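[1] Pasting a predicted model and its sequence here:
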Amino acid sequence: MNILVIGGAGYIGSHIVYELNDAGHQVTILDNFATGLRENVDARATLVEGDMQDLDLLDRLLGSGQGNDGGQANSKADSSSLAGGIAGSDSDSHSTGKFDSVFHFAALKAAGESMEKPGLYSQANIIATINLLNTMMRHDIKNFVFSSSAATYGSPEYLPIDENHPQEPINYYGYTKLVIEQTMAWYSQLKGLRYAALRYFNAAGYDVQGRITGKEQNPANLLPIVMEVAAGTRAKMQVFGSDYPTRDGTCIRDYIHVNDLATAHVKAMEYLASENRDLTLNLATGEGYTVLEVIKEAEKVSGRPISHDITGRRPGDPAELVAASGQAFETIGWKASHSDLKQLVESMWNVYK
């Protein structure tokens, strides 16, 4: 299939691009490199450098199906080449035209920042995605794989969280993902969109084959921060709270290896194409690790001490967040295979060391 991956140079997106190419699909990446890294771009994909909020570029790209550009999968296209009239070309290489599916990973994701800058998150996450959906509908592209978030659930009413758990986000980031999910459901009903909304908590790890080595810039998640301390690029880290009702007093979180996420996204795309039905799935292990367990495993794998201070709790941090993903197994035959703590930490240390 001919696939567009928006945000395909980012941490999660780059892993999905490799998975898609490994499966034999033809992939085009659209990325503005605000957080994506050129070193993580799969050379087998066509790269279009630009911003999805550039509506003219988005319209030309979706109208042309840039990935069917005569088989030049290693070429780089930019917005100026698209402006040259690809959409209107009568070359045989463009005869099949449009993309079969669109993957969307280009969102702002810092929960704390979203509470301080709701206007920015509204524009980048909600408005930009609605514009994308409208452009897809205009070009009759119906299949959409969306990187949602378990942040749509808010504070857990029960554990593990399943897909039927109430969605009451406690930060604006989670709210933007929920709004998009609700919009996709309406577009499915009114416009024939077929979507997969994939919810997960904490993506972690690096490509188990070692092909992706560019590190996240200014990380806000636990595991990359732990890795920076181990590697010596960060002097010390904070552990927020040690008096939670958990096995060691620190928060428990559900981590999912990014290779497992990549497999699930591709399976979801294939389900949309074959079954013509929408999907809403958790991607999780159903188990969680405490902050101190993560730190201890990192010390074991790296052979280095992880300097940390225990501080007070952060407002809004639940003691435990884990999700159930039995529905993903039943529907698309997916379950995590790389997401035990040892594999997560080892794959990250291979990059950070």
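    Sure, I can see it.
[2] Run through this protein and note the low-pLDDT ranges.
    66-97 (pLDDT under 70).
[3] And the strands in the stretch 201-350 of the chain?
    Assigned by DSSP state E, counting those that start in this stretch, the stretch 201-350 of the chain shows strands spanning 202-204, 237-240, 252-253, 255-257, 279-282, 289-290, 308-311, 320-321.
[4] closest to F329 out of those?
    The closest of these to F329 is strand 279-282. By C-beta to C-beta, the value is 9.6 Å. The C-beta positions use only the backbone N, C-alpha and C, and glycine is treated the same way.
[5] what lines up beside that closest one in the sheet?
    If you go by DSSP bridges, strand 279-282 pairs up with strand 194-199 (parallel).
[6] mind saving the C-alpha coords of the partner strand as CSV?
    Provided in CSV are the C-alpha atoms of strand 194-199 (Å, rounded to 0.1, in the frame of the first residue of the first chain):
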residue,chain,number,x,y,z
ARG,A,194,-12.3,4.5,8.8
TYR,A,195,-10.0,5.1,11.7
ALA,A,196,-7.9,3.3,14.3
ALA,A,197,-7.5,5.2,17.6
LEU,A,198,-4.6,3.6,19.5
ARG,A,199,-4.2,4.5,23.1
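[7] Any chance of JSON lines for the strands of the stretch 201-350 of the chain, columns mean neighbour count and distance to N40?
    Shown next, in JSON lines, are the strands of the stretch 201-350 of the chain (neighbours: other C-beta atoms under 10 Å; distance: least, C-beta to C-beta, whole Å):
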{"stretch": "strand 202-204", "mean neighbour count": "21", "distance to N40": "14"}
{"stretch": "strand 237-240", "mean neighbour count": "16", "distance to N40": "24"}
{"stretch": "strand 252-253", "mean neighbour count": "20", "distance to N40": "24"}
{"stretch": "strand 255-257", "mean neighbour count": "25", "distance to N40": "16"}
{"stretch": "strand 279-282", "mean neighbour count": "23", "distance to N40": "25"}
{"stretch": "strand 289-290", "mean neighbour count": "23", "distance to N40": "26"}
{"stretch": "strand 308-311", "mean neighbour count": "12", "distance to N40": "28"}
{"stretch": "strand 320-321", "mean neighbour count": "19", "distance to N40": "28"}
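[8] Contacts for the helix or strand where Q182 lies, please.
    In the assignment (DSSP states H and E), Q182 maps to helix 172-191. With contacts defined as C-beta atoms under 8 Å, 6 or more residues apart in numbering, helix 172-191 is touched by 107-111, 113-115, 118, 121-122, 125-126, 129-130, 133, 137, 144, 146, 148-149, 151-154, 167, 169, 193-195, 197, 278, 280.
[9] From these, which land in strands?
    F144, F146, R194, Y195, A197, T280 (DSSP state E).
[10] Buried members of these into PyMOL, please.
    Filtering the ones in strands among the contacts of helix 172-191 down to the buried ones (16 or more other C-beta atoms under 10 Å) takes a single PyMOL command:
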select buried, resi 144+146+194+195+197+280
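[11] nearest to G36, of the ones in strands among the contacts of helix 172-191?
    F146 (17.9 Å).
[12] picking that back up, could you give the separation of the helix holding Q182 from the chain centroid?
    Centre-to-centre, helix 172-191 and its host chain are 16 Å apart (C-alpha atoms, centre = their mean, to the nearest Å).
[13] ok so, going back, in helices only, show me the contacts of helix 172-191.
    Assigned to helices by DSSP state H, the following of the contacts of helix 172-191 qualify: A111, E113, S114, M115, P118, Y121, T129, I130, L133, M137.
[14] hmm, which of those are the buried ones?
    Applying 16+ other C-beta under 10 Å to these flags A111, E113, S114, Y121, T129, L133, M137 as buried.
[15] Nearest residue to the first one in space, please, no chain neighbours.
    Translated: A111. Nearest residue to A111 in three dimensions, chain neighbours excluded: N171, at 4.2 Å (C-beta to C-beta, 6 or more residues apart in numbering).
[16] Let me see the residues that make contact with stretch 340-353.
    Contacts with stretch 340-353, where a contact means C-beta under 8 Å, 6+ apart, come from 204-208, 210, 212-213, 215, 223-224, 227-228, 230-231, 255, 257, 289, 293-294, 297-298, 301-302, 338.
[17] filter these to the buried ones?
    Using 16+ other C-beta under 10 Å as the burial test, these include 204-208, 212, 215, 223-224, 227-228, 230, 255, 257, 289, 293-294, 297-298, 301-302, 338 as buried.
[18] in which helix or strand would I find T135?
    Going by DSSP H and E, T135 is part of helix 128-138.
[19] Other residues contacting that helix?
    By C-beta under 8 Å, 6+ apart, the residues outside helix 128-138 that reach it are 6, 52-53, 55, 58-59, 62, 102, 104, 106-107, 142, 144, 146, 180, 183-184, 187, 191, 193.
[20] Give me the distance from that helix to the chain's centre.
    From the chain centre to the centre of helix 128-138 is a distance of 19 Å (C-alpha atoms, centre = their mean).
[21] between it and strand 143-147, how many degrees?
    Relative orientation of helix 128-138 versus strand 143-147 (axes from the mean of the first three to the mean of the last three C-alpha atoms, to 10 degrees): 170 degrees.
[22] could you dump the strands of the stretch 201-350 of the chain to TSV with distance to G36?
    Below are those laid out as TSV (distance: least, C-beta to C-beta, whole Å):
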stretch	distance to G36
strand 202-204	15
strand 237-240	25
strand 252-253	25
strand 255-257	20
strand 279-282	25
strand 289-290	28
strand 308-311	30
strand 320-321	27
